[in-house]
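Sequence plus the predicted model coming up.
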Amino acid sequence: MTVTEHAAQTARRCFLGRTGLQFGAAALSQLLTQDWLVARPEMAGSDPVPHHPPRARSVIYLHMIGAPSQLDMFDEKPELVRRHNQPCPPEVTRGRDFAFIGKTSALAGSPWRFRQHGQSGQVMSELLPHLAGVSDELAVIRSVHSDEINHAPAQMMLHTGFGRAGRPSFGSWVSYGLAAETQNLPGYVVLLSGPAGGAGTSLWSAGFLPGKYQGIQFRSQGDPVLYLSSPEGISDARRREELNTLRALNSEQYRATGDSEILTRIAQYEMAWRMQRSVPELADLTAETQPTLDLYGAEPGKPSFAANCLMARRLVERGVRMIELYDADWDHHGSLETALPRKCRDVDQAMAALITDLKQRGLLDQTLIVWGSEFGRTPLRQGGSSGGRRVPGRDHHKDAYTMWLAGGGIRGGTSWGTSDDFGMDVNENPVHVHDLNATMLHLLGLDHERLTWRHQGRDYRLTDVHGEVIQGILA
């Protein structure tokens, strides 16, 4: 190559680089005139749209951290009760691994009574009297199965489609796939009652998606979002002036580098500014009527799952698309007969109230509610002791467990899938967690096979190369 040719090629590279950044800067300037960056700013002028007409606009995902016992709440097994404390037949556990117990453990029937409820005859145990009252709104799936047998990997499998950290969460995929409906709150909010445990913040991470798609945790005490309040002595006018300066500096950096993460940074600063005004009003449960507080069993200023359910309804009203509630302490390897009723009392009334309240306000048809966990519990007894007294529980079980859905696009009063007489294996209509995720995306108007992101040379999706929509539970 001659010196002249090299100079010409260099000039062309400089021209293309500069004009590319100028085009990006022009798009950024247009966005900043709105004082808000829409979803996917790297696609300026092209808001995300659903792949097909959605049945639901928002999702409230209720995850019980630690795995409740489906055999004591939703999946009645008379044969298991009849053979309680008998040795488990060898053929039932052949070729199967458990997390902590051996294959010779005794069978464990449920000590709680089951009966049918509502016009649909939905079967639930006496542990859930309030939820039983809205049973005709539920589609209960008793044939869910997963690939992972330990908590953190199974939680990531459920929420990211992969048993190890690094993939985007379900909520992040939704945030990427659909435009935000609110400018004053995050599109993806996380609420905790108890410690996150297990996979922790990986469950609402954006993974390899841009950071603006990750979930934002709201807290129950103090500032709902860390550092939301301005420091003492900082006026709104001064705070706005500081943000304008930061925005100008970040804009210059974007023009110089073309790094799309800078757009995320600008958007987050602007979101924080809006949240300083919108979040205090949102978090003030004293604005609710006393009958509404009584319906949920919530007390303003007192952190609880009930308060988080009420907060979830308030978030849906304000256009937040994705809300996840994580409730801790469902890992009952021992003391099942005392621990499980206590936890059911923590959540039963509030879950039923959430469904009732959304329905009364005309929001249930457009809000998808999902309840479940990373896996279920074995039909085998796991030993335990306290003060010399045996207090048995149940071990992890990934091969057949229960989840339920209600609301937007769901056919209420549906029972889908069955497990065998012991609750050990799926007997009919198996539902993998990939199928569950494909179905939830479908109800939001997203095709799980088309919702992809290019990373490290290939296209990724939430359901990997799997997933079928569960047509039998759709309205």
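On my side now, so go ahead.

Once you drop chain neighbours, what's closest to Trp365?
Small correction: residue 365 is Asp, not Trp. Gly408 (6.0 Å; Cβ to Cβ, 6 or more residues apart in numbering). Where C-beta positions appear, they are placed from N, C-alpha and C, glycine not excepted.

Give me the below-cutoff pLDDT ranges for the stretch 251-400 of the chain.
Low-confidence segments of the stretch 251-400 of the chain, defined by pLDDT under 70, are located at 384-390.

Could you pull out the strands in it for me?
Listed in chain order, the strands of the stretch 251-400 of the chain (DSSP state E, counting those that start in this stretch) span residues 322-327, 367-372, 376-382, 385-386, 389-390, 393-397.

which other helices and strands contact the last one?
It stands for strand 393-397. Helices and strands in packing contact with strand 393-397 are listed as helix 336-360, strand 376-382; criterion 3 or more Cβ pairs under 8 Å, 6 or more residues apart in numbering; DSSP states H and E.

Kindly present those as a markdown table, with separate columns for mean neighbour count and distance to Leu436.
Compiled in a markdown table, the helices and strands packed on strand 393-397 are given as follows (neighbours: other Cβ atoms under 10 Å; distance: least, Cβ to Cβ, whole Å):
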| stretch | mean neighbour count | distance to Leu436 |
| --- | --- | --- |
| helix 336-360 | 20 | 18 |
| strand 376-382 | 27 | 14 |
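
Just give me the neighbour total for Met143.
For residue 143 the amino acid is Ser, not Met. Counted by other Cβ atoms under 10 Å, the residues lying close to Ser143 total 24.

Let me know the pLDDT of the closest residue to it other than its chain neighbours.
Among residues not flanking Ser143 along the chain, Gly417 sits closest, at 2.6 Å (Cβ to Cβ, 6+ apart). The confidence metric pLDDT takes the value 98 at Gly417.

measure Gly417 to Val49 for me?
Distance of Gly417 to Val49, given as Cβ to Cβ, to the nearest Å: 33 Å.

These two - which one has more neighbours?
Here Gly417 and Val49 are compared on neighbour count by other Cβ under 10 Å; more neighbours surround Gly417, at 22 against 9.

Touching, that one and Asp425? I think so.
No - using Cβ atoms under 8 Å, Gly417 is not in contact with Asp425; the gap is 11.5 Å.

that older thread, could the strands of the stretch 251-400 of the chain be laid out in TSV, adding distance to Gly66?
Compiled in TSV, these are given as follows (distance: least, Cβ to Cβ, whole Å):
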stretch	distance to Gly66
strand 322-327	9
strand 367-372	12
strand 376-382	10
strand 385-386	18
strand 389-390	21
strand 393-397	10
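
With Val81 as the reference, name the closest of those.
Of all the strands of the stretch 251-400 of the chain, the one in closest proximity to Val81, counting by Cβ to Cβ, is strand 376-382 (10.3 Å).

now the stretch 1-150 of the chain, which segments are flagged as low pLDDT?
Applying pLDDT under 70 to the stretch 1-150 of the chain picks out residues 1-47.

what about Arg247, which helix or strand?
Under DSSP states H and E, the secondary-structure element containing Arg247 is helix 236-257.

I'd like to know which elements that helix is packed against.
The elements that helix 236-257 packs onto, with contact taken as 3+ Cβ pairs under 8 Å, 6+ apart, are helix 3-33, helix 261-283.

ok, and for that helix, which residues are buried?
247, 250-251, 254-255 (16 or more other Cβ atoms under 10 Å).

Off-centre distance for it?
33 Å (Cα atoms, centre = their mean, to the nearest Å).

Tell me if I'm right that Asp329 and Pro68 touch.
No - judged on Cβ under 8 Å, Asp329 makes no contact with Pro68 at a distance of 10.4 Å.

Between these two, which has more neighbouring residues?
Legend: neighbour count by other Cβ under 10 Å for Asp329 and Pro68, higher for Pro68 (27 against 16).

Leu263 is nearest to which of the strands of the stretch 251-400 of the chain?
strand 322-327 (20.7 Å).

Kindly calculate the angle that that closest one makes with strand 367-372.
30 degrees (axes from the mean of the first three to the mean of the last three Cα atoms, to 10 degrees).

quick check, Thr182 in a strand?
No - counting by DSSP: H, G, I helix; E, B strand; the rest coil, Thr182 falls outside a strand, being coil.

Spatially nearest residue to it, not counting backbone neighbours?
Spatial nearest neighbour of Thr182, excluding adjacent residues (Cβ to Cβ, 6+ apart): Gly319 at 3.5 Å.

Can you report how many residues lie near Pro48?
For Pro48, which is what you asked about, the neighbour count (other Cβ under 10 Å) is 17.

swap that for Phe305, sorry
Phe305 sits with 27 neighbouring residues when counted by other Cβ under 10 Å.

Then Val433?
The number of residues packed near Val433 is 25, by other Cβ under 10 Å.

what do you get for Arg115?
Other residues within reach of Arg115, judged by other Cβ under 10 Å, total 12.

Quick check: closest non-adjacent residue to it.
Once flanking residues are discounted, Arg115 sits nearest to Val123: 7.2 Å by Cβ to Cβ, 6+ apart.
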